[in-house]
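K.L.:
Below: sequence and its predicted model.
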Amino acid sequence: MELFVASPILFPLLGILLNVLIGKKLGERGVGWLASTVVVASFAVSLALFAQVAGDSEHAAVHVKVLPWISAGPLQVSWGLLVDPLSSVMMLIVTGIGALIHIYSIGYMHGDPHFQRFFVYLNLFIASMLTLVMADNFLVLFVGWELVGLCSYLLIGFWFTELKNAAAGRKAFVVNRIGDVGFVLGILAIFVTFGSLDFAEVFKAVKAQGGALAAAAGVITLLLFIGATGKSAQIPLFVWLPDAMAGPTPVSALIHAATMVTAGIYMMTRAHALFELAPFTQQIVALVGALTALVAGTSALRQLDIKRVLAYSTVSQLGFMVAAAGLGAYVASMFHLLTHAFFKALLFLAAGSVIHGMGHDRHTDPQDMRNMGGLARRMPVTFAAFVIGGLALAGVPPLSGFFSKDEILLAAFTHQPLTFLLLGATAIVTALYVGRQLILVFLGEPRTASAAHAHESPAVMTAPLIALAVGAVLGGALNLPGGGWLHHWLEPLIAEQAKPLNLPLAAFFTALSVLALAVAGWMYRRPERAAREVARGVGLFLARAWRIDDAYAQVVVKPFYFISTVCAQVVDVGLVDGAVNGVGDVFRRLAQLVRGLQTGLVRNYGLVMLLGAVLVTAYFVVVR
Amino acid sequence: MDATSFVTFLSAALFVIGALGVLLRRSALLIFMSVELMLNAANLAFVTFAHRWGQLDGQVTVFFIMTIAAAEVAVGLALIVTIFRTKRSTSVDELAQLRG
Amino acid sequence: MMINSTDVVAVLPFISVALGSVGLLIADLLIPAERRHVTAWLAAALLLTAAVIALSLLGSPTFEAFGGMVISDPTAFFLDTLICTIGLVTILLTLRYNQVRGILRGEFYILLALSISGMTLVTHANNLLILLLGIELLSIPLYVLCGIARPRLESEESALKYFLTGAFASGFLVYGIALTYGASGTLSLQTAPAAPNVSGDPLLLIGIGLILVGLGFKVAAVPFHLWAPDTYEGAPTTVTAFMATATKVAGFAALLRVLHGGLPGMESTWQPLVAIIAAATMIVGNLAALAQQNLKRMLAYSSIAHAGYALVGVAAHDTTSVVFYLTGYAFTTLAAFAVITAIGSSEGEEMQFLEAYSGLGRQKPLLGAVLAIAMFSLIGIPPTVGFIGKYFVFQAAVAKGLVWLAVLGVLTSAMAAYYYLRVVMVAFIREGSAAAPLPTPSAPRNLAAAISVAAVFVLGVVPALLLSMIGNGMLSTTP
């Protein structure tokens, strides 16, 4: 049984092993299909486990301890796996969408010299993400959490001959580490409070002690939320996600839209019992989410790169999910996570197909929307896919996005006016940028030779598009208003009052969205406008994502730079490596200070030691 | 002031003189001799304390420390001679190739 | 006093290594000069034997021997095993590296074995005199080893700097022992502060302070760390690898013996001080490492930073976490140095600068992978041992109420990711430069790398293996 439950994780690992050992002999197709087959196998097992949970009358979880891990006094942690309604849904998303993206990548990465390495990383990612969602305790969850971060770093920097990509990879990793600091401290705090890290025991204690834990829960949830802002790209740590688009497009679809970035949402849903004890944290979560949604949504309005529009859109939609979690609407949050996984993966893969079709002329940037136009006729399947994904994103009924977004808006409407206003505005902005993107990419006349000669992608790429499009259309059926399937499915874990459809509200937003799409169509009937409006003023401000990256540079990097330049002159140490690299530079300047101690002269070392000895003895005699 | 305290202060003074010598001398040889002074200050303290407690332990320890000092001398002088051959100098202030 | 068989068993690893190194000295005379690797293999066999002996003694209960001068408990025997294993791995690294650089000499291995014998004495010290003897026995051969690549100036400079600062530190240690003895009338670690009206005596406190200075020097804790980067950079890389791992472990063994095994009832006195030193060590080590372009020197600072993390466990009075941390750190660092010796063992000048590693991951994927795994473990990414080790020490700190220290530890290790990742980036992301020579093949070195990497993963995934060996840490009272 243990082996069977663990097999979704083991299959991709087996794929890695085989591809590393005999990948060279298998050739490109062999490697790609092997990597895809193991993920399909994982999906099959996930389906079987899902059926097992579903077959049980009480939806009892499948819970196994595969191996003992840490046994040190009170700290008892094992490699335990938990398949309950929540994790089984996540497993299906990860392996299902993962499998489609693997297959798509066979076509997309065709001819890449590092084809084999790419699929090894992809498999590693699937294994890591499954570890994250199947963990039965916080520590194993953290293992998966770190590993997906690592995979992301590896895959963003995949085309590492371009230094820009490598820097983006490192930025993603370092920013994520900042979030991880919060998460690690949160885990420590959980252990100190509950004496255990197992979900079962922690949440049992939460249930038993309830309000007595309010203070501790406040600290723990704030720390966990810091972790979530890193991984799920929320203010103030969202800056890494748009840069992460440097990686190959299937990676953007899999990691930076459908799965990894949802880890924060998943974790908060998993720990919702703790969050419910901390109303203050809930408030912050809701506001941060809503604010992120609006900031990122408006930034998406003025991007020129086809993938960056989608990247900011992802940040914005993650904001919706986080806000929903903050409002206590965890089912709505999970629902949106699910539908978003479908339509955003679809949009990214369609964008990848566009880039693939455009990429013949070396001199035109195949990702710049100014170079596109008129692709609808040349790439009909891609166009259809993009339209479905886009309308789902914009929340047009009866596509999946409409239902999930509506649930979140409704929750905000009844709970928090401010959050509702922010999210409502974002919903309209969303329709605007979707319309803008559709027009710029697909309609009108081709603006470059690349666009004029674009062609439809091969079947291995379009077939996953069609599969995802079906999901994006029908996904809403999973949780129809008034207590749909997902609601009942998660009921053993999350007891929430189901809300019926609020018809006026839904109609209002539908009308506004359709109107916004039309407005976008009218505004960009002359596509030159897109280039003009980002040149200065508000357009530039939005195009640079509210200048948050710039602000970091001004507020954090500059002052440190100044102080340490002064110090560096005082201690007279040579400057190393002129490369200025963001926040890292702050520390590098500080490092120069420390290096100043290291004069190379023995007598100075002796002096420092003697002073140290004096301090130590003085401490013992005086301070003690 | 009784004899024990007096000798204890004497040894402390020797220790401090040795430590300052390490900091103030430029020649590796003289620095090393200052370290020997510190060790001998410890020896003096050991003998004094052995007297205070009426035990042999402290006095035996002195022999061990003298052995250790002898071993350090053997290795230290060899190192100093080696570097003198290469650099024609024993000044530690000229030894700053490795730094930062 | 009669010496009986229990006494011998208590320090059997020490006795076998010490006698073995004398035997090695004689055997080396009989081995012709062009067959020096025989000495190396003999030394390896000796250390393997000692490691097996120590491992087999792991199960025995705690007992004192030689009239309480030495103590034998699972922690001591485990540290013996660890130190001998590190020595063994180091020898595997030396075979090719030392040959190319002309330092494959008999005395290298004899000195190495002698130094290890000193370390295996430190681990058992229950008496300040034994502690002193062990520390000197481990240090004096190291002074020579650092300078063994003469007439290379950097090697000589590193040796002289280490020697002068080391002797200076010994002065503090010896004087501290003298004062402690003066205050308490005993050299035993168990009874020193137990004498009536002694624990508040300034003489005793200054004595313990000076002992801590001497030991802080050995583990390269801030502010007694300044020798380490220079010495590590200048010494032959194989010696550096040994010093960064085995010496560090032995230094901590001494600290554990003094603070955790001895000085009962004085925890509240030393704990805040050790916590402050740990904090300073983590901050300074990591900050200075950020600015390094020289990989060897960066690892020197990294070893300082990691001493800081181990000190967190010391401050938290949690022996098990410290021992676990050191074990993980040692194997991780050995893996990193295996790669450096590989690059460094090409003819001509040693390649220490990061630039020399560009493209390594493409030309030699396995070597590149070893380097990357070592860096990930140093950052503390699961499932490597670096993660579990950090988790243990931070956990211990939090449990003792030293929350600020744990927070600082987590923050500094997040910062450390920056410079470790730079190494991975250079190795995998940049194109190789034509000037960088390809590493020379060496089966023993590859074996050493494989052992280290295996340990990094095995201990990361099943730390229980190790925890069961260490048992419940160190018993701090006399049986």
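P.N.:
In hand now; what should we look at?

K.L.:
which residues in chain C form strands?
P.N.:
Under the criterion DSSP state E, strands of chain C are mapped to C:63-65, C:70-72.

K.L.:
residues in contact with the first one?
P.N.:
With contact meaning C-beta atoms under 8 Å, 6 or more residues apart in numbering or on different chains, strand C:63-65 is reached by C:6-7, C:9-11, C:70-72, C:126, C:478-479. C-beta here means a position set from N, CA and C on the backbone, and glycine is covered the same way.

K.L.:
longest helix of chain A?
P.N.:
helix A:2-55 (DSSP state H).

K.L.:
how about that helix, does it get close to chain C?
P.N.:
No. Helix A:2-55 does not reach chain C (C-beta under 8 Å from any C-beta of the partner chain); its nearest approach is 9.6 Å.

K.L.:
Give me the sheet partners of the following helix or strand past that helix and which way each runs.
P.N.:
The first helix or strand that comes after helix A:2-55 along the chain, using DSSP states H and E, is strand A:62-72. Using DSSP bridges, strand A:62-72 pairs in its sheet with strand A:75-83 (antiparallel).

K.L.:
Tell me which residues are up against the strand it pairs with.
P.N.:
A:5-6, A:9, A:49-50, A:52-53, A:61-71, A:91, A:134-137, A:139-140, A:191, A:196-199, C:395, C:461.

K.L.:
Distance from the chain centre to the longest helix of chain A, please.
P.N.:
23 Å (C-alpha atoms, centre = their mean, to the nearest Å).

K.L.:
Could you list the low-confidence segments of chain B?
P.N.:
B:1, B:100 (pLDDT under 70).

K.L.:
Grab the nearest non-local neighbour of C:Ile283.
P.N.:
C:Thr412 (6.2 Å; C-beta to C-beta, 6 or more residues apart in numbering or on different chains).

K.L.:
Mind checking what secondary structure the residue of the stretch 251-400 of chain A found nearest chain C has?
P.N.:
Nearest residue of the stretch 251-400 of chain A to chain C: A:Ala263, at 14.5 Å (C-beta to the nearest C-beta). Following DSSP: H, G, I helix; E, B strand; the rest coil, A:Ala263 is assigned to helix.

K.L.:
isn't it right up against A:Leu132?
P.N.:
Yes. Look at A:Ala263 against A:Leu132 with C-beta atoms under 8 Å: they come within range, at 5.8 Å.

K.L.:
Could you check the pLDDT of A:Arg526?
P.N.:
You'll see A:Arg526 listed with a pLDDT of 84.

K.L.:
Got phi/psi on it?
P.N.:
Backbone torsions of A:Arg526, given as degrees, to the nearest 10, read phi -110, psi 100.

K.L.:
hang on, the earlier thing: want to try a markdown table for the strands of chain C, with mean neighbour count, mean pLDDT and distance to C:Val312 as columns?
P.N.:
Formatted as a markdown table, the strands of chain C follow (neighbours: other C-beta atoms under 10 Å in any protein chain shown; pLDDT from 0 to 100; distance: least, C-beta to C-beta, whole Å):
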| stretch | mean neighbour count | mean pLDDT | distance to C:Val312 |
| --- | --- | --- | --- |
| strand C:63-65 | 18 | 88 | 29 |
| strand C:70-72 | 25 | 91 | 25 |
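
K.L.:
what's the closest of those strands to A:Val473?
P.N.:
strand C:70-72 (72.7 Å; C-beta to C-beta).

K.L.:
Give me the distance between the closest one and the centre of its chain.
P.N.:
Counting by C-alpha atoms, centre = their mean, strand C:70-72 comes out at 20 Å from the chain centroid.

K.L.:
From the contact counts, what lies against it?
P.N.:
When contacts are defined as 3 or more C-beta pairs under 8 Å, 6 or more residues apart in numbering or on different chains; DSSP states H and E, strand C:70-72 sits against helix C:5-10, strand C:63-65.

K.L.:
On the three-state scheme, the closest residue to chain B within the stretch 401-550 of chain A is what?
P.N.:
Residue of the stretch 401-550 of chain A nearest chain B, by C-beta to the nearest C-beta: A:Asp549 (31.7 Å). Under three-state DSSP, A:Asp549 falls in the helix class.

K.L.:
Sweet, I'm off.
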